[in-house]
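Student: return atomic coordinates for the entry below.
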Amino acid sequence: MRMLHRAGALALTLLIALPSAAAAAERPPAPNDPYYSEQWALRAEAANGVDLLETWRFGQGAGIVVAVLDTGVTDHPEFAGRVLAGYDFVSDPTRAGDGDGRDANPRDEGDWVTADDVASRRYGSGCSETRDSSWHGTHVAGTILAAANNGTGIAGIAPLAQLLPIRVMGNCGGSLSDLIDAMRWAGGLTVPEVPENPTPAKLLNISLVVESACSAALQSAVDELSARGVVIVTAVGNENTEASRFAPANCIGTLTVGASAVSGDRAPYSNYGTAVDLSAPGGTDARGGAIVSAYDEGRTIPTQSSYASRAGTSMAAPHVSGVLAAILAAEPDLPRADLLTLLFRNLAPFPAGSNCAQRVGLCGGGLISGARLYAAFSARVAPLVAYSAVAELAIGASTPVSATIDGTAATLTLETPTICSLAAGSVTAIASGTCILRSTRAGSAATQPVNLGITIVVPGNTPALSLVLPQLLKVGMRVDPVITTTSDAPPTLTSRTPRICKVGASGRVRAIAVGACKIRIEVAATATYAARKLTITVRTSR
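Tutor: Have a look, this model is predicted:
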């Protein structure tokens, strides 16, 4: 069984250009989380950081599900209210530490190893060092989506995103087969003997590596997930060697992340080479150089939520996952290929003189930059949209309707089939109301999305409507009005002068004072007839 280990040191004819909602977003103020001042990788003044505030111009991840495949997570307050029902894929009951194998509880039970565990080979011959619990998954998740502006702890990059915790590692690692099943389940694929995932993720963060070629089963999982539009963000490992030696980073189609230091240099532990796509802050152990995130104080089992600083490519990968979650919050339908194109075209260059700049291909194509990404995203071209449609259509009538996007005929879909029908480019009104047609096109790395709505009012047939009352009413007199209408809606009567006359529950009109009595009759709109109302005036006397 191949063992995984943590990658961290821990009618109208209109021509319109549809604007991007994100294009007008303002740069928000800094969050009030007390440890934000220590999150060097997120602050604008860190030349080689993400620039959190520019990233937040996209949004803060609302509506986006991010799966963290790791040691599980603790019940940390930074995730409160946003943790989805994940799964524990650790199949070895001994390694799982929770008394069973796979189950529906992805809680991090702790992954400590004692001297007795090593001596007895409790977790196998490859487990040869004692250690306290790492709370690795909690730390990784915190960077991605810890709450922000709550006056506590840290700020996550996508603090409104939802966390799908998936446990694939227990005491002293995990298995590649468990990881493959977990990846498939996280992205919405079927896994035998595991319930379907009701909330599949668009982003998978895997801060884990195994020294191995990418197996056929692992590559197949990556291929199937990629075809579904899922982005798999992976750390490249901390062995200071060629990243191509480690899976899943060496699988085709994963987004591989190396670690950079405050200076923008490659972190000395980070794996490197052609298998690295880009770099992100992973930090170093130098004072102030590590990545602070969510943690737990327990040395074995969880005891008290806290915060800690760690360094590693495990800490670099979630910076990328967080930024991508923010982008997708602004445009959830942005295709995977265009999301990656946008990312790769707008990486920040490595600082002049850095080891990454001096050796092309050592650290990937550049550094993740929320500022550069937002500038490119908001500068995308707005498509030219034209459509032709009437503003109003009578029941039973038909009219041609069409739309083009950048000169190419657009497909229209009908949203109101009870009001109108659409066939062969023609709309027919069948009931009164508002007929709505829509055409959408996903955005790309260069163009904004299209969400065109065409509305046609169907007023319905005008019903006949009359109200007859005596021209003079004596005070105290009650009369039954004569009502005539062709509408299939029941008529309603109301007095517009309640101090002069009133309408009873039975519809009778009663004069109560001398003056001008005004009575309104109206019928509501129906599928066949339009709404109509009229008011008549009669005199009252003693």
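Student: pLDDT score assigned to the residue nearest to the spatial centre of the chain?
Tutor: Central residue of the chain (Cα atoms, centre = their mean): residue 64, 2.3 Å from the mean position. Residue 64 is assigned 98 on the pLDDT scale.
Student: and residue 525, by the same measure?
Tutor: The per-residue confidence score, pLDDT, reads 85 for residue 525.
Student: now do the residue lying closest to it once chain neighbours are set aside: how many residues are near it, please.
Tutor: Spatially, and ignoring its direct neighbours in sequence, residue 525 is nearest to residue 531 (4.2 Å; Cβ to Cβ, 6 or more residues apart in numbering). Just so you know, the C-beta spots here come from the backbone N, C-alpha and C atoms, and that holds for glycine as well. Number of residues near residue 531 (other Cβ atoms under 10 Å) recorded here: 16.
Student: any idea how far residue 531 is from residue 396?
Tutor: Distance check for residue 531 against residue 396: by Cβ to Cβ, to the nearest Å, it reads 18 Å.
Student: do residue 503 as well
Tutor: For residue 503, the distance to residue 396 (Cβ to Cβ) stands at 35 Å.
Student: which of the two has more residues huddled nearby?
Tutor: Between residue 503 and residue 396, counted using other Cβ under 10 Å, the more crowded position is residue 503 (18 against 11).
Student: may I have stretch 293-306 exported as CSV, CA atoms only?
Tutor: Extracted in CSV, the C-alpha atoms of stretch 293-306 (Å, rounded to 0.1, in the frame of the first residue of the first chain):
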residue,chain,number,x,y,z
SER,A,293,-3.9,29.8,10.1
ALA,A,294,-6.5,27.9,12.1
TYR,A,295,-5.2,25.2,14.4
ASP,A,296,-5.9,23.3,17.6
GLU,A,297,-4.0,23.2,20.9
GLY,A,298,-4.4,19.5,21.5
ARG,A,299,-1.2,17.4,21.2
THR,A,300,-3.2,14.3,20.5
ILE,A,301,-7.0,14.7,20.3
PRO,A,302,-8.7,18.1,19.6
THR,A,303,-9.0,20.2,22.8
GLN,A,304,-9.2,23.9,22.0
SER,A,305,-9.3,25.9,18.8
SER,A,306,-6.3,28.1,18.2
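Student: check the offset of that stretch from the chain's centre.
Tutor: Mean C-alpha position of stretch 293-306 versus that of the full chain (Cα atoms, centre = their mean, to the nearest Å) differs by 29 Å.
Student: what's in contact with that stretch?
Tutor: The contact list for stretch 293-306 (Cβ atoms under 8 Å, 6 or more residues apart in numbering) reads 74-79, 107-110, 112, 132-133, 135, 138-143, 146, 153-154, 307-310, 315.
Student: which SS class is residue 325?
Tutor: Secondary structure assignment for residue 325 (DSSP: H, G, I helix; E, B strand; the rest coil): helix.
Student: okay, now the residue nearest to it when sequence neighbours are not counted: neighbour count?
Tutor: Spatial nearest neighbour of residue 325, chain neighbours left out: residue 158 (3.7 Å); criterion: Cβ to Cβ, 6+ apart. The local packing count at residue 158 equals 32, with neighbours defined by other Cβ under 10 Å.
Student: show the pLDDT at residue 158.
Tutor: pLDDT, read off for residue 158, is 98.
Student: for residue 113, see how far away the closest residue to residue 116 other than its chain neighbours is.
Tutor: The spatial neighbour of residue 116 that comes closest, neighbours along the chain excluded (Cβ to Cβ, 6+ apart), is residue 122 at 7.5 Å. Using Cβ to Cβ, we find residue 122 at a distance of 8 Å from residue 113.
Student: the more surrounded of these two?
Tutor: The residue with the greater number of neighbours, taking residue 122 and residue 113 and applying other Cβ under 10 Å, is residue 113; the counts read 20 against 15.
Student: partner residues bridging the more buried one?
Tutor: Beta bridges link residue 113 to residue 131 when assigned by DSSP bridges.
Student: what is the least confident helix or strand in this protein?
Tutor: Lowest mean confidence among the helices and strands of the chain (mean pLDDT, DSSP states H and E): strand 12-17, at a mean of 48.
Student: returning to that earlier point: hang on, the residue nearest to residue 525 packs against residue 523?
Tutor: Yes. Residue 531 lies in contact with residue 523 (Cβ atoms under 8 Å); the separation is 6.4 Å.
Student: so what sits against both of the two?
Tutor: Contact with both residue 531 and residue 523 is made by residues residue 489, according to Cβ under 8 Å, 6+ apart.
Student: before we move on, the earlier item: in contact with the residue nearest to residue 116, which residues?
Tutor: Applying Cβ under 8 Å, 6+ apart, one finds that residue 122 lies in contact with 94, 116, 171.
Student: so the second one belongs to a helix, correct?
Tutor: Yes. When the secondary structure is assigned by three-state DSSP, residue 116 falls within a helix.
Student: what is the burial count for it?
Tutor: A count of neighbours around residue 116, defined by other Cβ under 10 Å, yields 9.
Student: check the last one too.
Tutor: Here the count is done by other Cβ under 10 Å, and residue 171 has 24 residues near it.
Student: repeat for residue 375
Tutor: Other residues near residue 375 number 13, with proximity taken as other Cβ under 10 Å.
Student: gap between the residue lying closest to it once chain neighbours are set aside and residue 525?
Tutor: With Cβ to Cβ, 6+ apart as the criterion, residue 375 has its nearest non-adjacent residue at 7.6 Å, and that residue is residue 346. When distance is defined by Cβ to Cβ, residue 346 is 51 Å away from residue 525.
Student: next, give phi and psi for the residue nearest to residue 525.
Tutor: Dihedral pair for residue 531: phi -70, psi 150, per degrees, to the nearest 10.
Student: contacting residues for it?
Tutor: Listed by Cβ under 8 Å, 6+ apart, the contact partners of residue 531 are 460, 489, 522, 523, 524, 525.
Student: farthest-apart pair in those, please.
Tutor: When the contacts of residue 531 are compared pair by pair using Cβ to Cβ, the farthest-apart members prove to be 460 and 522, with a separation of 14.1 Å.
Student: those two: who's more crowded?
Tutor: Under the criterion of other Cβ under 10 Å, the comparison of residue 460 against residue 522 puts residue 460 first, with 21 against 17.
Student: the more buried one contacts residue 528, correct?
Tutor: Yes. Because the distance of 6.2 Å satisfies Cβ under 8 Å, residue 460 is recorded as touching residue 528.
Student: list the residues that contact both of these two?
Tutor: Between them, residue 460 and residue 528 share the neighbouring residues 395, 431, 432, with contact defined by Cβ under 8 Å, 6+ apart.
Student: is residue 220 in a helix, a strand, or coil?
Tutor: At residue 220, secondary structure determined by three-state DSSP is helix.
Student: burial measure for it, as a count.
Tutor: 14.
Student: distance of it from residue 456?
Tutor: Computed with Cβ to Cβ, the distance linking residue 220 and residue 456 is 48 Å.
Student: which residue packs closest to residue 183, ignoring adjacent ones?
Tutor: Counting by Cβ to Cβ, 6+ apart, residue 221 is the residue found nearest to residue 183 once chain neighbours are left out, at 5.0 Å.
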